[in-house]
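# when you get a sec, could you give me coordinates for this:
(chains A and B)
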Protein chains: 2
Amino acid sequence: VTPAPESLPADATLADAGEFGAIAAFTAVFRQSEAVVVGPGDDAASVRVPGDVLVATDVLVEGRHFRRDWAEAHDVGRRAAAQSLSDLNAMGGTTTAVTVGLAAPADLPLQWARGLAEGIAAECDLVGASVVGGDLTRCDLVVISLTAIGHADGDPVLRSGARPGDVVALRGRQGWAAAGLAVLSRGFRSPRAVVEAYRRPEVPYAAGPQALAAGATAMVDVSDGLLADLGHVALASGVAIDLVSAALPVAEPLQAVGAALGADPLGFVLGGGDDHPVVATFPAGTDLPEGWTVIGAVVEGSESGEGGAAAGQVTVDGAAYDGERGWRHF
Amino acid sequence: VTPAPESLPADATLADAGEFGAIAAFTAVFRQSEAVVVGPGDDAASVRVPGDVLVATDVLVEGRHFRRDWAEAHDVGRRAAAQSLSDLNAMGGTTTAVTVGLAAPADLPLQWARGLAEGIAAECDLVGASVVGGDLTRCDLVVISLTAIGHADGDPVLRSGARPGDVVALRGRQGWAAAGLAVLSRGFRSPRAVVEAYRRPEVPYAAGPQALAAGATAMVDVSDGLLADLGHVALASGVAIDLVSAALPVAEPLQAVGAALGADPLGFVLGGGDDHPVVATFPAGTDLPEGWTVIGAVVEGSESGEGGAAAGQVTVDGAAYDGERGWRHF
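A predicted model of the protein is given here:
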């Protein structure tokens, strides 16, 4: 027998609610858009997507991507959703629906799981996406897998289209989450702006489709680090990229954290992940949409790198950057 | 620097290969169908799906859904894929593409992970689906999240369409995996047929679309247990279901396991999960497609259950079944 969620005590766990009780509690949180033909509760959902289907999956693991003592469930949910929604944004697309695979301990408070669901739903609301299904299973730690499906108006913008002579432009906060993580790692809770940025990214969801419409030749979202992710673009495109340090936005809170921790705040911008801005390349002379900042240029890159830059190389002011370059998962 | 997979020793781990080396090793395993517009390696994949998009996600957790000492990596991959592909089958649909979220320990042998990828690819090959993307991240244990997207030719068959008077019919092996698990749990490795069935389900992938075309009113795949999953159909449809024990197929290996373990083999059929046959309801008089066995009938069910069956109830020969009813995740 599955207890009704409202009949459970405030400190109920997933085990108290049972699989179906917990799922009912989550599902009550999710609103379904008109694109949803079959919503949660069947073997599969059915979603109306105009044209080809964009799909991306990301996994967040407790202790690695988030800590329950550093972030509220709601914020973990927002980050989990933001990561996959941002992937579609970086193709120039918009998310229509998501599914959530949640593995969690039996003693996880139902309140926490519901907060997670609310955070996922809130982030999805920003782009009009619906949570249409998923799976709940038991695990010793919390693992969240989120898949986004959606579409782009036009051909998606790949990583492989950058051409020498293109400008490189950025839209969205970059380095804030890394600064927040640095602060939290040292036991501080301020500056609040960067700590909040680490807990809850502000993804520029309009920017991806905007860049597609403006003729972006390549695009990526910064999840691993600006140099690391631009390295993926450069490698896939067979080019090199040179950034101009003076053009990189080092916001005031990042300068404050740098000063307090004795670190170069440019390192947060160049190496930090988790903010999910978009960085794209455009043909020189493109009238860039509002909010985009030119931060560098695409240059020739050869396989050998002899007599110039190697394909895949990302330099800063023409030289290799020797600070922290990003985040490695293994 | 990412080492080329072929340059790594046979006992290399995920950490040796690195995130991108490991992903390259997996991606080499996956073939892309003509439906794939953008395959692995970008922020998102792009897939051509005709009509509305069916989507389902399932999560497998090491120690709960599989044990590395009981099953080869290849078989775990097949099971992981089968679970989600079967969800689309149970809507009357076919999978076009899947994404895989893999959380795994740094010391997981690369060989094991590659075997998993090969198993996923082999199962996907059965329906012509492509593995188009995913995510790899570190975790203390192996957690596999698999999302299937695809489509149905016609309106998907829901759980909620069963009507009193419909026949209930089954297609595919049922109870075999549960018998295999019972055998393995007691330290035996035979009968081989049921142990193999536990390790690698044989999903009747043609059966779902066939049932849709034949006019099935409701359908579900048996993943939690025949009674449990038919209970979902009955509840969603506001009806009750009565099964005829003499009509239920109790195959010879199940009888052998029952005799050896002193268990009623009917319990495997009624309560066992993981085989992923499909069970559907059809209007009486429907000319059933080949391979389907009528196992019961849909009857009236009322909310109170007074003077008859309650909605959601599944009986056997008109009475409640008091054996094991299925598998609970919490």
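# now do the helices in chain A.
A:14-27, A:73-89, A:110-125, A:176-185, A:192-199, A:207-214, A:226-237, A:252-261, A:265-271 (DSSP state H).
# any idea how far the spatially most central residue of chain A lies from A:Leu60?
The centroid of chain A falls nearest to A:Gln83 when counting by Cα atoms, centre = their mean (2.9 Å). In this structure, A:Gln83 and A:Leu60 are 7 Å apart, going by Cβ to Cβ, to the nearest Å. Glycine gets a C-beta too; all of them are placed from N, C-alpha and C.
# which residues are common contacts for these two?
A:Leu146 (Cβ atoms under 8 Å, 6 or more residues apart in numbering or on different chains).
# where's the nearest residue to A:Tyr321 once chain neighbours are set aside relative to chain B, distance?
In space, and not counting its chain neighbours, A:Tyr321 is closest to A:Leu270: 5.9 Å by Cβ to Cβ, 6 or more residues apart in numbering or on different chains. Spatial separation of A:Leu270 from chain B under the definition Cβ to the nearest Cβ, to the nearest Å is 19 Å.
# return the most buried member of the helices of chain A.
Mean neighbour counts were compared across the helices of chain A using mean count of other Cβ atoms under 10 Å in any protein chain shown; the top stretch is helix A:73-89, at a mean of 28.
# which residues sit in contact with A:His276?
Taking Cβ under 8 Å, 6+ apart, we find A:His276 in contact with A:Ala82, A:Gln83, A:Ser86, A:Asn89, A:Gly172, A:Pro201, A:Val203, A:Asp221, A:Val222, A:Ser223.
# what about the fifth one, how many neighbours?
One way to gauge burial is a neighbour count; for A:Gly172, by other Cβ atoms under 10 Å in any protein chain shown, it gives 24.
# check contacts around it.
By Cβ under 8 Å, 6+ apart, the contact list for A:Gly172 reads A:Glu202, A:Val203, A:Pro204, A:Ala207, A:Val222, A:Asp275, A:His276, A:Pro277, A:Val278.
# specify the angle between the longest strand anywhere in chain A and strand B:93-104 in degrees.
Of all the segments assigned as strand in chain A under DSSP state E, the longest by residue count is strand A:93-104. Here strand A:93-104 points in a direction 60 degrees away from that of strand B:93-104 (axes from the mean of the first three to the mean of the last three Cα atoms, to 10 degrees).
# nearest to B:Arg159 among the helices of chain A would be which one?
The minimum distance between B:Arg159 and the helices of chain A falls on helix A:14-27, with 13.2 Å, by Cβ to Cβ.
# low-confidence stretches in the stretch 101-250 of chain A?
Within the stretch 101-250 of chain A, no stretch falls below the threshold (pLDDT under 70).
# how about the residues of it near chain B?
Listed as neighbours of chain B in the stretch 101-250 of chain A under the rule Cβ under 8 Å from any Cβ of the partner chain: A:101-103, A:106, A:132-141, A:143, A:145, A:147-149, A:152, A:156, A:158-160, A:219-221, A:236.
# re the thing from before, rebuild the helices of chain A as CSV, extending it with distance to B:Leu54.
Rendered in CSV, the data for these read as follows (distance: least, Cβ to Cβ, whole Å):
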stretch, distance to B:Leu54
helix A:14-27, 18
helix A:73-89, 18
helix A:110-125, 19
helix A:176-185, 35
helix A:192-199, 34
helix A:207-214, 25
helix A:226-237, 31
helix A:252-261, 44
helix A:265-271, 40
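# which stretch among those helices comes nearest B:Ala182?
Across the helices of chain A, the minimum distance to B:Ala182, taken as Cβ to Cβ, is reached by helix A:14-27, at 21.9 Å.
# show me how far that closest one is from its chain's centre.
Helix A:14-27 has its C-alpha centroid displaced from the chain centroid by 28 Å (Cα atoms, centre = their mean, to the nearest Å).
# count of residues packed around A:Ile155?
No, residue A:155 isn't Ile; it's Asp. Using other Cβ under 10 Å, A:Asp155 has 14 other residues around it.
# for A:Thr147, give me its contacts.
With Cβ under 8 Å, 6+ apart as the criterion, the residues that contact A:Thr147 are A:55-57, A:84, A:98-99, A:101, B:55, B:57, B:99, B:101, B:145, B:147.
# chain B versus the residue nearest to the centre of chain A, what's the distance?
Relative to chain B, A:Gln83 is positioned 9 Å away (criterion: Cβ to the nearest Cβ).
# need the per-residue pLDDT for the closest residue to that residue other than its chain neighbours.
Leaving out its chain neighbours, the residue that sits closest to A:Gln83 by Cβ to Cβ, 6+ apart is A:Asp58, at 4.2 Å. What the model reports for A:Asp58 is a pLDDT of 97.
# neighbours of A:Asp58, just the number please.
A count of neighbours around A:Asp58, defined by other Cβ under 10 Å, yields 26.
# repeat that for A:Pro289.
Other residues near A:Pro289 come to 18 when the count uses other Cβ under 10 Å.
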